[in-house]
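Visitor: would you be able to build a 3D model of this:
(one chain, ligands or ions: 1)
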Amino acid sequence: MPSHRTIVYMSNRWGIPAEVEKVVRQRDTKCVYCGVEFSAEKNSRRNKSSWEHMVNDIRLNEVDNIALCCMSCNASKGSKLIKDWLLSSYCIEKGITPATVAQVVKNIISKPCLVLK
Ligand SMILES: [Zn+2]
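Guide: Here you go, the predicted model:
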């Protein structure tokens, strides 16, 4: 079980602490799953980044669980476990495997205590 820490500093409207948001935005310039580069154009829905809790637990608001992924990966993954989602037809069609995802995702996958919850 994760520790039940209370986050007291400012968080954005997704509940992600500002410090975490800053680090993640600098780290994830591409979708952590499919690797598509995010569009800089504000009004473009294509390649728009969205906030992702890789382990679907909103208490895990740390840089190792928060990532940016594209809208289509986010919509496909929904609340599935990463390991299950990687076996979905979406990932198979896009060629997304545990070997192709960003390092931050690999780190999460390598922590079975988190992924298997
Ligand atoms: Zn993606």
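Visitor: drop to CA atoms for contacts and neighbour counts, all remaining ones
Guide: Will do.
Visitor: how about the residues of this protein by the ion?
Guide: With CA under 5 Å from the ion as the criterion, the chain meets the ion at residues Cys31, Cys34, Cys70, Cys73.
Visitor: buried only: go through those residues for me.
Guide: Cys31, Cys34, Cys70, Cys73 (16 or more other CA atoms under 10 Å).
Visitor: the residues you listed in helices, which ones?
Guide: Among those, the members found in helices (DSSP state H) are Cys73.
Visitor: report the secondary structure state of Ser50.
Guide: Three-state assignment for Ser50 (DSSP: H, G, I helix; E, B strand; the rest coil): strand.
Visitor: strands - which of the buried ones among the residues of the chain next to the ion land there?
Guide: Secondary structure assignment (DSSP state E) places Cys70 from these within strands.
Visitor: what about the longest helix in the protein?
Guide: helix 18-27.
Visitor: hey, which helix or strand in the chain has the poorest pLDDT?
Guide: helix 112-115 (a mean of 58; mean pLDDT, DSSP states H and E).
Visitor: what residues sit buried inside the longest helix of the chain?
Guide: Buried, per 16+ other CA under 10 Å, within helix 18-27: Val20, Glu21, Val24.
Visitor: need these in TSV with pLDDT, can you?
Guide: Below are the buried residues of helix 18-27 laid out as TSV (pLDDT from 0 to 100):
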residue	pLDDT
Val20	94
Glu21	94
Val24	96
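Visitor: from those, pick the one nearest the ion.
Guide: Val24 (15.5 Å; CA to the ion).
Visitor: I figured the closest one hits Asn65, correct?
Guide: No - at 9.8 Å, Val24 does not count as touching Asn65 under the criterion of CA atoms under 8 Å.
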